[in-house]
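Undergrad: Sequence isn't available, so here's the structure alone:
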């Protein structure tokens, strides 16, 4: 069976998987994200990571299916957005012109929404294709937490609409760039504190920016533990996001697809609101989505 | 009449004013904020800016009255917090031990709040002393917008309680450190857009983190102007702050004391809610407060 490469190429990292049919054989990663590359650097970056995975015998070029910011305007080749409502994938992938004839690279297009508000995704559409491969009849909401968390309404195999919250990026930026950084060191975690803050922000979402400074003051005045401050900040931000996206998840079937740590936070937060989310890991869904893209090509 | 020096020494800047009694004679500033100095650097930094203002004749040492982060634990000398409810100043200033015998430096203590929530200020107590010098019978709320905006309930000459919102720091950090930075360049401003976002966030404060990413998507999809994005982000953040602080300003007499640009934003936002704030400029209030500190010493 022919080998091919699945590539998850985002803003800050490249992860590739050597595949044989639907079966993963090996995985490699590098920090060569879209942000650190100019267009003419993508091919060399890919070749240096894939190395001996590239077939140089007589079998013809190695197929590569890629998703993520690699298809942005500043990426390897721009893969124009498809527009909601739409299936997460169709057969139309963007071919990349490569200097090396051993490569046959195709990029999955992102998805855009024009109404009711402008929104965009790149990479998440592939995870959604993976979710629908795992749960073909799913009718509900996919929550894809990360730097930019997506809430995606899925029905009849289509992305009906979606909403992005900048929660992950705000948390990281506040932890590293504001005065709170002095009071948020480390990565210890207290789930009870987190859930109390989720509940607080859900019932009074307006308190966010005022409650934040309390974390600094409590450190200065009482030496409050960093774990309390981090868990509270995370809970306030995720609680505010849940307040904003309530129409998306309330009374709906919800699937969470993210990294283990972030998934856990959204899972317990949604459970505290009486939901019973299903969990499908992000890496596996990306891989399943790239298999779907290859099958559809 | 004896000359003295009023020093407003914050996190990122030092501003000094040569005074003769209550009359300012000259002003100088440097970027030597508390953040860029270790304790043993303050004296040299001060001397290099004040230079020929320091009296080296036979009149005795030059008096310096200072407020702000210069009194923090990492400052020139720690000036312990006073606790609310309290007057903004009393006679108790912290003396700095200097190597140069020509200096007699005193620092105004900050103010802390233990209940109903922990909070701290350093520098704003001096501006409040200035406000009370200008409006001795003021009973209402002082809004001091800035990196960390303070809402301060004043009554019978005392700070009753206060609340800090991180609005200014969040705006600056989001503009410079997140993916939105690409869509927020420049500093053009649209007041109507700003007020629409204030109103939106006041009525639905939970939309903050979701509406933020819309600014990026609207740029990618429609090339939305940076001025629209900046004004919207500022309006969303200030609107959310006004939602959080509604119990502070609703039906109250409000004074705004900040820099001209920030004051203007809070002024039009509060006017849109039916208030008629008075405006007293920050620099003048700091100076008046340092005169009050000298008089009380």
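TA: Looks like it came in fine. All of these numbers come straight from a predicted model, not from anything done at the bench.

Undergrad: OK, contacts around the residue of the stretch 1-150 of chain A found nearest chain B?
TA: As assessed by C-beta to the nearest C-beta, chain B sits closest to residue A:118 within the stretch 1-150 of chain A, at 4.0 Å. Bear in mind the C-beta positions are built from the backbone N, C-alpha and C, glycine included. Residues near residue A:118 by C-beta atoms under 8 Å, 6 or more residues apart in numbering or on different chains: A:112, B:214, B:217, B:218, B:220, B:221, B:222.

Undergrad: Buried only: go through the residues you listed for me.
TA: When those are checked for burial by 16 or more other C-beta atoms under 10 Å in any protein chain shown, the buried set is A:112, B:214, B:217, B:218, B:220, B:221.

Undergrad: Apart from its neighbours in sequence, what residue is nearest the second one?
TA: Nearest residue to residue B:214, sequence neighbours excluded (C-beta to C-beta, 6 or more residues apart in numbering or on different chains): residue A:117, at 5.2 Å.

Undergrad: One more: the fourth one?
TA: Nearest-residue entry for residue B:218: residue B:224, 3.9 Å, with adjacent residues in sequence omitted and distances by C-beta to C-beta, 6+ apart.

Undergrad: Output the below-cut-off pLDDT ranges for chain A.
TA: For chain A, the stretches flagged by pLDDT under 70 are A:1, A:56, A:58.

Undergrad: Tell me where it has strands.
TA: Listed in chain order, the strands of chain A (DSSP state E) span A:3-9, A:14-20, A:23-30, A:62-67, A:82-83, A:94-96, A:103-107, A:111-113, A:119-121, A:140-144, A:149-155, A:158-165, A:254-256, A:278-279.

Undergrad: quick one: contacts of the first one?
TA: With contacts defined as C-beta under 8 Å, 6+ apart, strand A:3-9 is touched by A:14-20, A:24-25, A:33-34, A:46, A:50, A:53, A:55, A:62-70, A:75-76, A:123, A:126, A:283, A:286-287, A:290-291, A:294.

Undergrad: Skipping adjacent residues, who's closest to the residue of the stretch 1-150 of chain A closest to chain B in space?
TA: Spatial nearest neighbour of residue A:118, chain neighbours left out: residue B:217 (4.0 Å); criterion: C-beta to C-beta, 6+ apart.

Undergrad: on that earlier part again, residue A:248: which of the buried ones among the contacts of residue A:118 is nearest?
TA: Nearest to residue A:248 among the buried ones among the contacts of residue A:118: residue B:214, at 15.1 Å, using C-beta to C-beta.

Undergrad: Touching, that closest one and residue A:120? I think so.
TA: No. Look at residue B:214 against residue A:120 with C-beta atoms under 8 Å: they stay out of range, at 10.0 Å.

Undergrad: any idea how far residue A:215 is from residue B:119?
TA: Distance, residue A:215 to residue B:119, using C-beta to C-beta, to the nearest Å: 11 Å.

Undergrad: of those two, who's got more company?
TA: Using other C-beta atoms under 10 Å in any protein chain shown as the criterion, residue A:215 and residue B:119 rank with residue B:119 on top: 26 against 23.

Undergrad: bridging residues for that one?
TA: Judged by DSSP bridges, the bridge partners of residue B:119 are residue B:113.

Undergrad: residue contacts, it?
TA: Residue B:119 is in contact with A:213, A:214, A:217, B:112, B:113, B:162, B:163, B:164, counting by C-beta under 8 Å, 6+ apart.

Undergrad: Residue A:76 too?
TA: Counting by C-beta under 8 Å, 6+ apart, residue A:76 has contacts A:9, A:39, A:42, A:43, A:66, A:70, A:96, A:105, A:107.

Undergrad: got the residues of the stretch 51-200 of chain A near chain B?
TA: Applying C-beta under 8 Å from any C-beta of the partner chain, we find that the stretch 51-200 of chain A lies next to chain B at A:81, A:112-114, A:117-120, A:148, A:163-167, A:169-170, A:173-174, A:177-180.

Undergrad: Quick one: the helices in the stretch 51-200 of chain A, in order.
TA: Assigned by DSSP state H, counting those that start in this stretch, the helices in the stretch 51-200 of chain A fall at A:124-134, A:167-177, A:191-203.
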